[in-house]
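Q: sequence and computational prediction follow.
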Number of protein chains: 2
Amino acid sequence: MVFYIIGLGLSDERDITVKGLEAVKRSERVYLEAYTSLLLVPKENLEGFYGKEVIVADREMVEMEADKILEGAAERDVSFLVVGDPFGATTHTDLELRARSQGIPVRVVHNASIMNAVGATGLQLYRFGEAVSIVFFTDTWRPDSFYDRIAANRRAGLHTLCLLDIKVKEPSLESLARGRKVYEPPRFMSVATAVQQLLEVEERRGKGAYGPETLAVGVARVGSESQRIVAGPLAALADVDFGPPLHSLVIAGETHPIEQEYLKQFMVDKVGLAAAGAAADAAGSGGVAVPQ
Amino acid sequence: MVFYIIGLGLSDERDITVKGLEAVKRSERVYLEAYTSLLLVPKENLEGFYGKEVIVADREMVEMEADKILEGAAERDVSFLVVGDPFGATTHTDLELRARSQGIPVRVVHNASIMNAVGATGLQLYRFGEAVSIVFFTDTWRPDSFYDRIAANRRAGLHTLCLLDIKVKEPSLESLARGRKVYEPPRFMSVATAVQQLLEVEERRGKGAYGPETLAVGVARVGSESQRIVAGPLAALADVDFGPPLHSLVIAGETHPIEQEYLKQFMVDKVGLAAAGAAADAAGSGGVAVPQ
């Protein structure tokens, strides 16, 4: 039969396409990939909507037990659900190649992902340069390769989508040292943390790739009823409470009049700043589906 | 009530999301934007699937009669359907701003677009630079601003998505000169034509931004059952018959091992070249929904 890799879109169980839903209903087993991104609703919502069990596939299962996921897919339909679009992360391409090598037909059902839904800011997609990832800094690990990329994009007048770190079911360093895995609680980087890290790196590197006054746009829960988009000087976005995850950030390049016109509705001086202090990084709050 | 702007995704009536379908079913009027992109099925398929009339909105209607589209949306739901994701083209942002200025609540339902579905090539989305548009050359108009952008992307090792021209309901120059609009038949640029134009411009500009041997990936009807993806030297793709529209083309930058591994299945020397000659530009064939 068919191994379906199905994008769920951005926010809840009703963002799946009709084509995707039909495939799920036909499937004997349904997996949910839950470590590169997260849906904004618990998996029970999916199960209720589909009328069948959803098996959460964490990193270990996908990497170590791929054959178990594919088991029987030559005879019966199996669905593998991915938040956003299936090609947002490379793990699925691995699973897909493995299925094909076993002669199992694979079909991909596309959906929206942050890579195109960021158009909701009004910044035009064809004016984005390379996207970057910003990971949580630790005391000893503060990778800043994003800096040169943002600099290159801005030199060319292009916008930069910053994908913010998601840590789901990561074994703690301490537990690894002890040889027995204990998992950290899930963490999602907020716009505020991203802004702090970006400004720290600018201070260190000092090339003026961007600064506290650079126009930026923070987005949260894109595509959901509670979507929040706020534009303003980069530093000011650190004081905005974007609420529960997931957050992303755009560093603007040159903006055209039609982009400026659309951004007006989101400007920070219109919506007002949050009461006090930066929003703390949300941790497993807001009804997010978290693998058990 | 609500003015919905709903992405239809890439290929047929079942690529709409469940959320989008529910909004359509609730709507008193349903418009289909049909001049910046086209669905791969006739609008009658949509009407049959929704159980209601779909009004084709051409450029003139959206630009000149926007208020008619929005009429009554304060009291009743109205849906405006867009192929791909709603933020793929800027005309919808205009319609959205107009709705908001009239106090009509607007909701956007996202979907896949070529901007993220091009990940189906296995080339990773975060390694794409700025996207470019390639328009049909005429005897007197051969715009090549894409050249510098591709050059900049390739210098940075990045891939370039080339969006190929679509001409739907364009008045002919001759008819404009006579003061009475007569519309040209719809035209869609093929990968073959894009390759020819690209190589012509490289010959003229001569900076070596790319050449006949540069790795490229042609895609057609992404997300549909008849999806076709072929990778190979740019010049060789001009000899591949990609079939009916829509086509797009990626000029690769540096490829990583995982990208190379995935691309193997699409290489031109595996799939074989089409019998003879380049595929002609398809014109209104293949069951494409064309505004009347």
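A: Structure received.
Q: only C-alpha atoms from now on, for both contacts and neighbour counts.
A: Noted.
Q: need phi/psi at the residue in chain A that chain B sits nearest to.
A: Nearest residue of chain A to chain B: A:Thr17, at 3.7 Å (C-alpha to the nearest C-alpha). Taking degrees, to the nearest 10, you get phi -80, psi 160 for the backbone angles of A:Thr17.
Q: one more: A:Gln260?
A: According to degrees, to the nearest 10, A:Gln260 has phi -60, psi -40.
Q: ok, now A:Asp144?
A: phi -130, psi 30.
Q: quick one on the thing from earlier: count residues in the vicinity of the closest residue in space to the residue of chain A closest to chain B that isn't next to it in sequence, would you?
A: Spatial nearest neighbour of A:Thr17, excluding adjacent residues (C-alpha to C-alpha, 6 or more residues apart in numbering or on different chains): B:Thr17 at 3.7 Å. Using other C-alpha atoms under 10 Å in any protein chain shown, B:Thr17 is surrounded by 31 other residues.
Q: chain A against chain B: which residues are in contact?
A: Applying C-alpha under 8 Å from any C-alpha of the partner chain, one finds that chain A approaches chain B through A:9, A:14-19, A:85, A:87-88, A:90, A:93, A:97, A:108-113, A:115-117, A:119-120, A:122, A:124-132, A:158, A:223, A:262.
Q: which ones among those are found in helices?
A: A:18-19, A:93, A:97, A:115-117, A:262 (DSSP state H).
Q: measure stretch A:23-33 end to end?
A: One end of stretch A:23-33 to the other measures 16 Å (C-alpha to C-alpha, to the nearest Å).
Q: mind listing the strands for the stretch 51-200 of chain A?
A: A:55-57, A:78-82, A:106-109, A:132-134, A:160-164, A:166-167, A:187-188 (DSSP state E, counting those that start in this stretch).
Q: who does the first one touch, helix- and strand-wise?
A: The reference is to strand A:55-57. strand A:29-33 (3 or more C-alpha pairs under 8 Å, 6 or more residues apart in numbering or on different chains; DSSP states H and E).
Q: what's the answer for the second one, then?
A: Using 3+ C-alpha pairs under 8 Å, 6+ apart as the contact criterion, the elements in contact with strand A:78-82 are strand A:3-7, helix A:18-26, strand A:29-33.
Q: minimum pLDDT in the ones in helices among the residues of chain A next to chain B, which residue is that?
A: Among those, A:Thr93 carries the lowest pLDDT, at 79.
Q: measure it to B:Tyr31 for me?
A: When A:Thr93 is compared with B:Tyr31 (using C-alpha to C-alpha), they lie 36 Å apart.
Q: over to A:Leu215?
A: 35 Å.
Q: I figured A:Leu10 was touching A:Pro86, is that so?
A: No - using C-alpha atoms under 8 Å, A:Leu10 makes no contact with A:Pro86, being 11.8 Å away.
Q: residues contacting A:Glu13?
A: A:Glu13 makes contacts with A:41, A:45-46, A:49, as judged by C-alpha atoms under 8 Å, 6 or more residues apart in numbering or on different chains.
Q: make that A:Gln196, sorry
A: So A:Gln196 contacts A:235, A:238 (C-alpha under 8 Å, 6+ apart).
Q: look up how far A:Met1 lies from the residue of chain A most remote from its centre.
A: No residue in chain A sits farther from the centre than A:Glu75, which is 33.3 Å out by C-alpha atoms, centre = their mean. Here A:Glu75 is placed at a distance of 5 Å from A:Met1 (C-alpha to C-alpha).
Q: next: A:Pro185.
A: Distance from A:Pro185 to A:Met1, counting by C-alpha to C-alpha: 38 Å.
Q: cool, and A:Asp165?
A: 36 Å.
Q: of those two, which one has the most company?
A: Between A:Asp165 and A:Met1, counted using other C-alpha under 10 Å, the more crowded position is A:Asp165 (21 against 14).
Q: okay, the more buried one: pLDDT?
A: 94.
Q: show me what contacts the residue lying closest to it once chain neighbours are set aside?
A: If the residues on either side of it in the chain are set aside, A:Asp165 comes closest to A:Val135, at 4.7 Å by C-alpha to C-alpha, 6+ apart. Applying C-alpha under 8 Å, 6+ apart, one finds that A:Val135 lies in contact with A:143, A:164-165, A:189.
Q: name only those of those residues that count as buried.
A: Neighbour-count burial (16 or more other C-alpha atoms under 10 Å in any protein chain shown) is assigned, among the contacts of A:Val135, to A:164-165, A:189.
Q: low pLDDT regions in the stretch 1-150 of chain A?
A: A:36-37, A:89-91 (pLDDT under 70).
Q: let me fix that, I meant to ask about the stretch 151-292 of chain A.
A: A:169-173, A:270-292.
Q: hmm, B:Leu10 and the residue of chain A closest to chain B touching each other?
A: No - counting by C-alpha under 8 Å, B:Leu10 is not a contact partner of A:Thr17; they are 11.2 Å apart.
Q: what about A:Arg155, how many residues nearby?
A: 12.
Q: I meant to write A:Ser113 there.
A: If we define neighbours as other C-alpha under 10 Å, then A:Ser113 has 27 of them.
Q: next one: A:Ser190
A: Quick note: A:Ser190 (other C-alpha under 10 Å) scores 29 neighbours.
Q: so how far is A:Leu163 from it?
A: For A:Ser190 relative to A:Leu163 (C-alpha to C-alpha), the value is 11 Å.
Q: okay, and the common contacts of those two?
A: Shared contacts of A:Ser190 and A:Leu163, counting by C-alpha under 8 Å, 6+ apart, come down to A:Ser248.
Q: so what pairs up with A:Val132 in the strands?
A: Beta-bridge partners for A:Val132, by DSSP bridges, are A:Cys162.
Q: tell me how many other residues crowd it.
A: 19.
Q: quick one: residues contacting it.
A: Contacts of A:Val132 (C-alpha under 8 Å, 6+ apart): A:146, A:149-150, A:160-163, B:126.
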